[in-house]
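S.K.: here are the coordinates; sequence isn't available:
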RNA sequence: GGCCCGUUGGUCAAGCGGUUAAGACUCCGGCCUUUCACGCCGGCAACACGAGUUCGAGUCUCGUACGGGUCACCA
């Protein structure tokens, strides 16, 4: 461990146009590891493959980190002392390092087109001449053929590999661009990265990176390898198979804080029983010793739970603000109070996209089935409902206008007068005004939101329905 | 296939040689109640298998099975 230097970590995604949930978690851990010790968190874009260029992809990454609250100290847009932070803008600087390795006999020019390379022993001078004469070439690492390479990973412990398992990986491609692996090592060193946090798909490459560091005589960073996030026991989470990306989740009405909190707990445990953590709290409790080696399955049900809780914890003003667009997507009638609708929704939605189907009845009353008036527990059926609605109508007509409290009081009063349970009156009123069995809020809230005229209109319609039945 | 890694309820997971094997999500009862939700109370459900070490193993060792990762001039 680099105890005497400040920790520097980086999140180094390739710009694919979206953010994986796993990528977000890697970014989070890198952020936490740096920040909890007052270190530096860096964003670096790994775009050495130009055929994969996706318009706007870097912006998506930047925006993701921003919404997630993972503020980077150095990176694209804000710069920093070891920039540029986009690899395609650094492409000129890799070649000299590859040449340096050739001089040290740790790499070689590979002039072969074939996959099986036969030019490993070609002398550097001779290869250079042939290259100068116009032959195209790549530069490969000259991996040792015997012995073993070992390294220590904070999560995986000591990993030993036989060198004969290592191949001569390409450092510089025929097009002159560095490979991901090479650029990664060079940049991590040049940017002073002390702790490398990445997914377990890279653990097999780690020994090769170490050989490179050793050939250069550079200090090897601390490796922290995190396991994969899976869709089920046998498939990793993937956009291609329809699994949601971070952006998909936000579009579906999950809150950034909830997603971050949930994702933090996939493959890492704080040890105690607390599950809800703000980013600030994570900074306090996060410790690499809690990172697990085994893959974790992404469970949308558990995320739902986190999201519901986060929604409930919002102040009603905050909730109204984020719920308003969803509410307005179905409620066009301007006499309906968005704020009142938001109020009855807050405790009842798992995610914001649940909202439209829950409140559509405010806008349009469907031609519901009168069977809905039958409810044993409330002691009501169609005949009773008819009487209840008639009584409610008479009571409401006496009120020129109303508030929530007035609706409540008059209904309770009416039920008392009739000598029935509150529910016996409330049920039919709610059914007549909403036209569905399950609604956010009860009869009182619904009547109040609809307003006197619309409520009376719906109650009268209900009476008519029952009369003709 | 070679190499590397993993395996505690359906899911996330605690556990670091002695526990009635936590907790959370889901699911199922019940209570509360103006439907639903919330809340409260209760319940179902796990150490992959086989050897070994040990007085004692979910915890240590080896093997087996199953699963994953990786073996690109992709990242």
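M.R.: Cool, the structure landed. As the structure is a computational prediction, the values presented were derived from the model and not from experiment.

S.K.: who's in contact with the residue of the stretch 351-469 of chain A found nearest RNA strand B?
M.R.: Nearest residue of the stretch 351-469 of chain A to RNA strand B: residue A:442, at 2.1 Å (C-beta to the nearest atom of the strand). Glycine gets a C-beta too; all of them are placed from N, C-alpha and C. Contact analysis of residue A:442 by C-beta atoms under 8 Å, 6 or more residues apart in numbering lists A:426, A:430.

S.K.: and for the one 5 residues further on?
M.R.: Shown in contact with residue A:447 (C-beta under 8 Å, 6+ apart): A:396, A:402, A:407, A:429, A:433, A:455.

S.K.: sticking with the third one, tell me its helix or strand.
M.R.: Under DSSP states H and E, the secondary-structure element containing residue A:407 is helix A:404-418.

S.K.: quick one: that helix to chain centroid distance?
M.R.: 47 Å (C-alpha atoms, centre = their mean, to the nearest Å).

S.K.: ok, stretch A:27-46 next?
M.R.: For stretch A:27-46, the distance to the chain centre is 17 Å (C-alpha atoms, centre = their mean).

S.K.: now the terminal residues of it, how far apart.
M.R.: Using C-alpha to C-alpha, to the nearest Å, one end of stretch A:27-46 lies 14 Å from the other.

S.K.: was I right to think residue A:337 contacts residue A:450?
M.R.: No - the criterion here is C-beta atoms under 8 Å, and residue A:337 misses it with residue A:450 at 10.3 Å.

S.K.: tell me which of those two has more neighbours.
M.R.: More crowded of residue A:337 and residue A:450, by other C-beta atoms under 10 Å: residue A:450, with 21 against 14.

S.K.: phi and psi next, for the nearest residue to the more buried one once chain neighbours are set aside.
M.R.: Of all residues not flanking residue A:450 in the chain, residue A:433 sits nearest, at 6.0 Å (C-beta to C-beta, 6 or more residues apart in numbering). Main-chain dihedrals, residue A:433, degrees, to the nearest 10: phi -90, psi -20.

S.K.: tell me, how many residues neighbour the closest residue to residue A:415 other than its chain neighbours?
M.R.: Leaving out its chain neighbours, the residue that sits closest to residue A:415 by C-beta to C-beta, 6+ apart is residue A:425, at 4.4 Å. Residues lying near residue A:425 (other C-beta under 10 Å) number 28.

S.K.: distance to residue A:96 added to the contacts of residue A:447, as CSV?
M.R.: Formatted as CSV, the contacts of residue A:447 follow (distance: C-beta to C-beta, whole Å):
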residue, distance to residue A:96
A:396, 85
A:402, 80
A:407, 79
A:429, 81
A:433, 76
A:455, 79
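
S.K.: top of those by neighbour count?
M.R.: Neighbour-wise, the contacts of residue A:447 (other C-beta under 10 Å) top out at residue A:429, 28 neighbours.

S.K.: which strand or helix spans that one?
M.R.: helix A:422-434.
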